[in-house]
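> Compute the structure for the input listed below.
(one chain, ligands or ions: 1)
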Amino acid sequence: MTAASQDQPKIRIRGLKKSFGDNHVLNGVDLDIAKGESLVIIGGSGSGKSVLLKCILGLLPPDAGSILIDGKETVGLRGAALDEMRSHIGMLFQNAALFDSLPVWQNVAFVPLEHERMSRKEARDLALERLADVGLDAEVADLSPAELSGGMRKRVGLARAIAVRPEILFFDEPTTGLDPIMGDLIDRLIRQCVTDLGATGLTITHDMDSARRISDRIAMLYKGEIVWQGPMDAIEREGNAFVEQFVAGEIDGPIQVAQ
Ligand SMILES: Nc1ncnc2c1ncn2[C@@H]1O[C@H](COP(=O)(O)OP(=O)(O)OP(=O)(O)O)[C@@H](O)[C@H]1O
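Below is the predicted model of the structure:
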């Protein structure tokens, strides 16, 4: 590996813009995420966190800017090249996005079964391993997702996200709708998965407790730009007015709140 590739961020975003009509959601986002780093993006409702994630995944085309993964431009990728790029990304969606028509193990091994044409026996073994990774017993494998609690669904979603050992993991509001103890458990599992895989993690959340537990570094999105980034403990040291207001959850401050 050359010195240049060691320094190269896993994901490099430059000048990313996305508008919907007059709604300028991303106004030139610049962000680097290092290999093996867990970055958490915080920001208020409607600040563009999901739009940013969708642009990186190639689900929404940006109007301008660049998204490099391992130094390669991904904006504009289509067809097989887009599928290839996405095959390195595991994603845990907000609602876990499980198929209720399939048993848990087929949800976990969905990608290997569908795209890698793995045998059912191998796929089931893989699913059982991943379920164990997230602390779920083999008995869960044959249940329908509809039979699971919210916390268990998240764990199954996490098992699916790590099924193919991805280099990049995305987590969209991973603790929303969970009680604080289950939220803590999911955060610990996320942190453990990112560390064990040596993956690059990108999480979007409003939950500051969750951000504190998951992040190596936090970036705050406001009005379509990254207004602050740094490790959690730097928030108090550096005293950024946007982040302090957000963390404290106060109405008064530089963040304009729609009332
Ligand atoms: N497909 C779309 N078409 C039109 N507008 C959209 C579309 N997707 C998102 N938006 C708009 O982009 C803005 C940012 O939305 P986004 O979902 O990224 O916010 P967010 O920061 O993820 O919010 P939350 O924390 O509430 O999930 C919102 O004003 C939303 O209405």
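> Show me what from this structure comes close to the ligand.
Applying CB under 6 Å from any ligand atom, one finds that the chain approaches the ligand through 20, 23, 25, 43, 45-51, 206. No exception for glycine: its C-beta is placed from N, CA and C like everyone else's.
> cutoff 8 Å now
20-21, 23, 25, 43-54, 60, 94, 173, 204, 206, 221 (CB under 8 Å from any ligand atom).
> count of residues packed around residue 22?
For residue 22, the count of nearby residues is 5 (other CB atoms under 10 Å).
> Likewise for the one 4 residues further on?
Taking other CB under 10 Å as the neighbour definition, residue 26 ends up with a count of 25.
> Show the contacting residues for it.
Neighbour list for residue 26: 16-19, 48, 51-52, 55, 62, 65, 224 [criterion: CB atoms under 8 Å, 6 or more residues apart in numbering].
> Adding secondary structure and distance to residue 76, write those residues out as TSV.
TSV is the format used below for these (DSSP: H, G, I helix; E, B strand; the rest coil; distance: CB to CB, whole Å):
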residue	secondary structure	distance to residue 76
16	strand	13
17	strand	14
18	strand	14
19	strand	18
48	coil	20
51	helix	17
52	helix	17
55	helix	11
62	coil	9
65	strand	11
224	coil	21
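> Please check those residues and keep the buried ones.
Neighbour-count burial (16 or more other CB atoms under 10 Å) applied to the contacts of residue 26 gives 16-18, 48, 51-52, 55, 62, 65, 224.
> now those residues in a markdown table, with pLDDT?
Formatted as a markdown table, the buried ones among the contacts of residue 26 follow (pLDDT from 0 to 100):
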| residue | pLDDT |
| --- | --- |
| 16 | 97 |
| 17 | 97 |
| 18 | 97 |
| 48 | 92 |
| 51 | 94 |
| 52 | 95 |
| 55 | 95 |
| 62 | 97 |
| 65 | 97 |
| 224 | 92 |
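> May I ask you to confirm that residue 198 is in contact with residue 36?
Yes - using CB atoms under 8 Å, residue 198 is in contact with residue 36, at 5.3 Å.
> okay, those two: which has more neighbours?
residue 36 (15 against 10).
> That one belongs to a strand, doesn't it?
No - looking at residue 36 with DSSP: H, G, I helix; E, B strand; the rest coil, it is coil, so not inside a strand.
> what sits against it?
Counting by CB under 8 Å, 6+ apart, residue 36 has contacts 10, 194, 198-200.
> if you look at the residues you listed, which of them are in helices?
Taking DSSP state H as the definition of helices, the contacts of residue 36 contribute residue 194.
> List only those of the contacts of residue 36 flagged as buried.
The buried subset of the contacts of residue 36 - by 16+ other CB under 10 Å - is 10, 194, 199-200.
> For residue 205, grab phi and psi.
Main-chain dihedrals, residue 205, degrees, to the nearest 10: phi -160, psi 160.
> Spatially central, which residue of the protein would that be?
residue 170 (2.0 Å; CA atoms, centre = their mean).
> sec struct for that residue, please.
Strictly by three-state DSSP, residue 170 counts as strand.
> nearest spatial neighbour of it, skipping sequence neighbours?
residue 91 (4.6 Å; CB to CB, 6 or more residues apart in numbering).
> neighbours around the one you found, how many?
Residues within reach of residue 91, counting by other CB under 10 Å, total 18.
> How about residue 208?
Residue 208, neighbours per other CB under 10 Å, totals 18.
> show me what contacts it?
With the criterion set at CB under 8 Å, 6+ apart, residue 208 makes contact with 42, 246-247.
> can you do 6 Å?
residue 247 (CB atoms under 6 Å, 6 or more residues apart in numbering).
> And for residue 18?
Applying CB under 6 Å, 6+ apart, the residues contacting residue 18 are 25-26, 51, 62-63.
> Show me the helices in the chain, by range?
Using DSSP H, helices in the chain cover 3-7, 49-56, 79-86, 104-108, 110-115, 120-133, 150-161, 180-197, 208-214, 234-238, 241-248.
> okay, those in a markdown table with distance to residue 71 next?
Below are the helices of the chain laid out as a markdown table (distance: least, CB to CB, whole Å):
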| stretch | distance to residue 71 |
| --- | --- |
| helix 3-7 | 7 |
| helix 49-56 | 15 |
| helix 79-86 | 13 |
| helix 104-108 | 32 |
| helix 110-115 | 25 |
| helix 120-133 | 30 |
| helix 150-161 | 24 |
| helix 180-197 | 21 |
| helix 208-214 | 26 |
| helix 234-238 | 28 |
| helix 241-248 | 30 |
